[in-house]
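Engineer: I would like the atomic coordinates for the input below:
(chains A and B)
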Number of protein chains: 2
Amino acid sequence: MSVQKPSIPKGTRDFGPVQVARRNYIFGVIRRVFEKFGFAPLETPTMENLAVLTGKYGDEGDQLLFKILNSGDFAKDVTAEDLTAGAKKILPKVAEKGLRYDLTVPFARYVVMNRGQLTLPFKRYQIQPVWRADRPQRGRYREFVQCDADVVGTNSLLCEAEIVLMINEVLSTLGLTDFTIKINHRGVLSGIYQALGGVGRESDLFVAIDKLDKIGRDGVTKELLERGFPQAAVDKVFGYLEVSGSFDEKLAALRAAFGQDGVLTEATAGPAKGLQDLTEVQQYLQDFGFQHFERLDFDVTLARGLSYYTGCIFEVKVNNVQMGSISGGGRYDNLTGSFGLPGLSGVGFSFGVDRIYDVLEELQLFPEGAVAAPLCLVANFDAEGRSTVLPLLRQLRDAGLSAELYPEVSKLKKQFEYADKRGIRFMILAGSEERANGVVKLRDMRAGTEQTVAAAEVAAALQILA
Amino acid sequence: MSVQKPSIPKGTRDFGPVQVARRNYIFGVIRRVFEKFGFAPLETPTMENLAVLTGKYGDEGDQLLFKILNSGDFAKDVTAEDLTAGAKKILPKVAEKGLRYDLTVPFARYVVMNRGQLTLPFKRYQIQPVWRADRPQRGRYREFVQCDADVVGTNSLLCEAEIVLMINEVLSTLGLTDFTIKINHRGVLSGIYQALGGVGRESDLFVAIDKLDKIGRDGVTKELLERGFPQAAVDKVFGYLEVSGSFDEKLAALRAAFGQDGVLTEATAGPAKGLQDLTEVQQYLQDFGFQHFERLDFDVTLARGLSYYTGCIFEVKVNNVQMGSISGGGRYDNLTGSFGLPGLSGVGFSFGVDRIYDVLEELQLFPEGAVAAPLCLVANFDAEGRSTVLPLLRQLRDAGLSAELYPEVSKLKKQFEYADKRGIRFMILAGSEERANGVVKLRDMRAGTEQTVAAAEVAAALQILA
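Structural biologist: Model (predicted):
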């Protein structure tokens, strides 16, 4: 057999015990909050038919889809002419499946396939990996986990308010305090475009606006002028982008400005609806007793996902760590249209677990318990001790404690090293002397202390200490 | 946009809320037992390099691997001559990655890549999906989850004893009582082959033996004769296969028979080691205080995974349900040899979650709690009620209860139907009359009863009822 030096595909990662435990800790917090808010779990297959995936993520997305080679004689229909024509011609003949690229398209596909059985509104959460053949870089992987929660089948703005509550609860539970939940509305953005006179391309305006905190006023000005917006429009836009004050003050300022610019009319339904929705979301939060309005920022420059979001838009940033957004979402009008089921609207958001992981690590917020090491190691002195240490082991596990016996009779030094390296907190020592007296030594590896305990009471003693 | 009728790839499944909750319940039980026994979690990437996967599962396995098409212009190196030569020639030019086929090879790859950092013995568990391009049939899927636990770097038979304990604890915790943990040993099987005079092919003998409970004595006889075993050997083999009595009695009977046939010598180390190992495993279990020896069956006919298992072999059957084995494993000598790290032995086993799911469903053993519906739904009467029901919702969630407000003001009938369909147990009703009196009606949808509770105490009341 040939010997290989094994490796893993670029952009993918192994997760060892500590990382898995910490990731599961994050998933657990998110899952519990999702469930507390009434969301039910959904899982979809890793592979989807390419017919479902293709054309949903734009041309670039189609390029980034991982495709599965058909089984068996996959190339049987490929001709020499196909080879000349290139990959695009060959692809449909050799691959009919791809890996999940996000959780939204599979969700839409599920809703359409099960529309007869689903109870609307349908609230689902989904925590699963997705795959993208992106160029790997710091914080960007080819396999990463998304945590999505969506409600479809209702226009109620209670859902938007609850997204704010869920984001706040997840991040607070994880120990974060200094973060900002940015909120904006597609209608407000449209209002600004209309207020400028509807000149230029709407998407060009939004792309430039969204960069304000990165490239500043000068950068945005330059970009807009390059894109053909007249100077007057450029001058005007900053009046909108730089509204300031509280949530209410911003709403009032925008209402006044939109009014002055004549876009609060029926013909321009967007801005009026936007301001009204945001007011109502804020009202829901107040009625609920939301305590952290200082974390909620009505940010007129927030302009993400504009090809599909049609109502509120969200994005979350941690302020005391250099990191992109760790959560985002919004309301969409037409989740399932491309699968032949038009008119189903919904609202959803997603947590980026890999970024949250990095933030918690940088701020040292992982709790000690989020390490998957057993609580105690029973030392293995000699074969004669077996009839003592095995019942001990049983006693500990019956009490629900995680415990292991060192599997071999080895030098005590080696066993201590093992416990130390694995991060096991307690060593239980039952040498011949202890066994003669019906006791064990209980060593706290962290504190460096040791006590003698009746063998029958070691589980009880540990439950107090641990 | 063209309208498609979406579908999912054959052999894959969507899991809706109830199924996910039930599967998570099973995973949770398995995970807790693994951790209680000191195993630490590992997760490896969905994609592995084909260099890692190919050649590890036999020719059939290589066929069943799902391969990922290279990104970009994947066919650029394929020539017209390659097309004539066929898939085998083309494959290395168009695909360099494949989907995980099992958890053992990625585990071995991980151990080799991290050998400098790992603390031996290394106890890892891994709960992840695997993919095989098998022909789908009842109970066989192209995407399914394996739950593996392995210890590498020790020969201690404590590990084998703990496998029995873990299997027993997992299945007992899931509510199963009527199951059999079959155990055998590669050395015992070798002993039988040697006792027959070493005639015929060893693997032919084992394949036939393993079928005894399916095809009976006549079937095994026929198969062995067809495979060229002499009648005398065939007559003799049943003396071994039909040893009966307790674990100890079988050990004694085999020891006597092997002795008589002259295979308990140094030259035939297998059978002696086999009997000794099994005796020691039994002794560990006795010392631990294992209460269920009636579930442990020393089954001389158990012959699985003989191309890699070298010591004890396990297999688990549920007796009161028609179903293949739900767990299995064994000891192997050479986990990492093909990756250039020889001499690392270990022992491991795996739970088949899909089959366990079917068993629990058939025996109606899923607990009621394993359904992911919120505990209560707050009815949405009117816009005026919002300042009452939102604080109610907060009260419930602050108490850790899962609760939702029906998102729209709708007919009460519709809201009741929604609660009913989702399996929500309690409805909380705060109409104008209740609000005037500071109370709510609390309706138990399961019992059909209703009580009036002070609004401030609804969470406390629910915590008692739930």
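
Engineer: rest of the way, CA atoms for contacts and neighbours
Structural biologist: Will do.

Engineer: And A:F74, its phi and psi?
Structural biologist: The phi/psi pair for A:F74 (degrees, to the nearest 10) reads phi -60, psi -20.

Engineer: what bridges to A:F144?
Structural biologist: Going by DSSP bridges, A:F144 is paired in beta bridges with A:V130.

Engineer: Low-confidence regions, the stretch 301-450 of chain A specifically.
Structural biologist: Residue ranges of the stretch 301-450 of chain A with pLDDT under 70: A:369-371.

Engineer: That one: helices as residue ranges?
Structural biologist: Using DSSP state H, counting those that start in this stretch, the helices of the stretch 301-450 of chain A run over residues A:353-362, A:386-398, A:412-422, A:432-437.

Engineer: Mind listing residues that contact the last one?
Structural biologist: Outside of helix A:432-437, the residues within contact range by C-alpha atoms under 8 Å, 6 or more residues apart in numbering or on different chains are A:G385, A:T388, A:V440, A:K441.

Engineer: Flag the shaky bits of the stretch 101-250 of chain A, pLDDT-wise.
Structural biologist: Judged against pLDDT under 70, the stretch 101-250 of chain A has no low-scoring part.

Engineer: Residue numbers of it in contact with chain B?
Structural biologist: A:109-110, A:112-113, A:119-120, A:124, A:133, A:143, A:154, A:156-159 (C-alpha under 8 Å from any C-alpha of the partner chain).

Engineer: Just the buried ones from those residues?
Structural biologist: Neighbour counting by 16 or more other C-alpha atoms under 10 Å in any protein chain shown classes A:109-110, A:112-113, A:119, A:124, A:133, A:143, A:154, A:156-159 among these as buried.

Engineer: could you give the angle of the strand or helix carrying A:Q128 to helix B:412-422?
Structural biologist: Element membership of A:Q128 [criterion: DSSP states H and E] is strand A:122-131. Angle, strand A:122-131 to helix B:412-422, by axes from the mean of the first three to the mean of the last three C-alpha atoms, to 10 degrees: 40 degrees.

Engineer: Tell me, how many residues neighbour A:K211?
Structural biologist: When neighbours are counted by other C-alpha atoms under 10 Å in any protein chain shown, A:K211 registers 17.

Engineer: which residue packs closest to it, ignoring adjacent ones?
Structural biologist: The shortest distance from A:K211 to any non-neighbouring residue, by C-alpha to C-alpha, 6 or more residues apart in numbering or on different chains, is to A:V220 (7.1 Å).

Engineer: I'd like the buried ones among the residues of the stretch 101-250 of chain A next to chain B written out as TSV, with secondary structure added.
Structural biologist: Below are those laid out as TSV (DSSP: H, G, I helix; E, B strand; the rest coil):
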residue	secondary structure
A:R109	helix
A:Y110	helix
A:V112	helix
A:M113	helix
A:T119	coil
A:R124	strand
A:A133	coil
A:E143	strand
A:T154	coil
A:S156	coil
A:L157	coil
A:L158	helix
A:C159	helix
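
Engineer: from the contacts of helix A:432-437, which is closest to chain B?
Structural biologist: A:T388 (7.8 Å; C-alpha to the nearest C-alpha).

Engineer: who touches that closest one in this structure?
Structural biologist: With C-alpha under 8 Å, 6+ apart, A:T388 has these contacts: A:A430, A:R435, B:D287.

Engineer: how about 10 Å then?
Structural biologist: By C-alpha atoms under 10 Å, 6 or more residues apart in numbering or on different chains, A:T388 lies in contact with A:A430, A:G431, A:S432, A:R435, A:G438, A:A455, B:D287, B:F288.

Engineer: What residues does the second one make contact with?
Structural biologist: When contacts are counted by C-alpha under 10 Å, 6+ apart, A:G431 is found next to A:A379, A:N380, A:F381, A:D382, A:E384, A:G385, A:T388, A:V389, A:V439, A:V440, A:K441.

Engineer: From chain B, how far out is the second one?
Structural biologist: Here A:N380 is placed at a distance of 11 Å from chain B (C-alpha to the nearest C-alpha, to the nearest Å).

Engineer: what's the answer for the first one, then?
Structural biologist: Taking C-alpha to the nearest C-alpha as the measure, A:A379 and chain B are separated by 13 Å.

Engineer: these two touch, right, that residue and A:A430?
Structural biologist: Yes - using C-alpha atoms under 10 Å, A:A379 makes contact with A:A430 at a distance of 7.2 Å.

Engineer: joint contacts of those two?
Structural biologist: Residues touching both A:A379 and A:A430 (C-alpha under 10 Å, 6+ apart) are A:G385, A:V389.

Engineer: ok, A:G197 - contacts?
Structural biologist: A:G197 makes contact with A:G191, A:A232, A:A233, A:D261, A:V263 under the criterion C-alpha under 10 Å, 6+ apart.

Engineer: Wasn't the second one part of a helix?
Structural biologist: Spelled out, it's A:A232. Yes - with three-state DSSP as the criterion, A:A232 is assigned to a helix.

Engineer: For it, give me its contacts.
Structural biologist: By C-alpha under 10 Å, 6+ apart, A:A232 lies in contact with A:L196, A:G197.

Engineer: before we move on, back to that, could you check which helix or strand contains the residue nearest to A:K211?
Structural biologist: Going by DSSP H and E, A:V220 is part of helix A:212-226.

Engineer: which stretches of the stretch 1-150 of chain A form helices?
Structural biologist: Going by DSSP H, counting those that start in this stretch, the stretch 1-150 of chain A shows helices at A:17-36, A:50-53, A:58-64, A:80-85, A:87-94, A:104-113.

Engineer: Now find how far off-centre the shortest one is within its chain.
Structural biologist: Taking the mean of its C-alpha atoms, helix A:50-53 sits 24 Å from the chain's own mean (C-alpha atoms, centre = their mean, to the nearest Å).

Engineer: packing partners for it?
Structural biologist: On a contact count with 3 or more C-alpha pairs under 10 Å, 6 or more residues apart in numbering or on different chains; DSSP states H and E, helix A:50-53 meets helix A:58-64, strand A:95-99, helix A:104-113.

Engineer: Look up the closest residue to the closest residue to chain B within the stretch 1-150 of chain A, ignoring the ones flanking it.
Structural biologist: Closest approach between the stretch 1-150 of chain A and chain B, counting by C-alpha to the nearest C-alpha: A:K36, at 3.7 Å. When the adjacent residues along the chain are set aside, A:K36 lies closest to B:S402, with 3.7 Å between them (C-alpha to C-alpha, 6+ apart).
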